[in-house]
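**Q** My questions concern the predicted model and sequence given below.
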Amino acid sequence: MHIGVLALDFHLAGCRSLKEKRRRVGRLRDKFGRIANLAVCESAYQDSHQRSRWSVVAVAGDAKVVAASLTEVERWVAESVDATIVDVDREVIAS
């Protein structure tokens, strides 16, 4: 079993409400939350209007599947989320 974690920190310039924040970055959960080997959540800054941290956990029997899943999430986020990525942490916590 292989487990990988991807943590993405965002800055949401001009965001003035939590409702707007959820609209701008909440698509992460909609896009990846139903994929069988992924878990997605907002893991920090829940009450901040202009900061957000989202964590994605990938689990698979093959390390290549875990790496590919996290790479796909990171690529999609960079192209699709209306926020600036200020930090990315990727870690394999079990293999």
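**A** Nice, I can see it.
**Q** Can you give the contact residues for the lowest-mean-pLDDT helix or strand in the chain?
**A** The helix or strand of the chain with the poorest confidence is helix 27-32; it has a mean of 86 (mean pLDDT, DSSP states H and E). The contact list for helix 27-32 (C-beta atoms under 8 Å, 6 or more residues apart in numbering) reads Leu38, Val40, Cys41, Glu42, Trp54, Val56, Val73, Trp76, Val77, Ser80, Val81. All C-beta atoms are positioned from the backbone trio N, CA, C, and that covers glycine.
**Q** So the fifth one sits against Cys41, correct?
**A** Okay, so that is Trp54. Yes: between Trp54 and Cys41 there is a contact under C-beta atoms under 8 Å: 7.0 Å.
**Q** re the thing from before, pull out the buried residues from the least confident helix or strand of the chain.
**A** Residues Arg27, Leu28, Lys31, Phe32 are the ones in helix 27-32 that count as buried (16 or more other C-beta atoms under 10 Å).
**Q** Many thanks, we can stop here.
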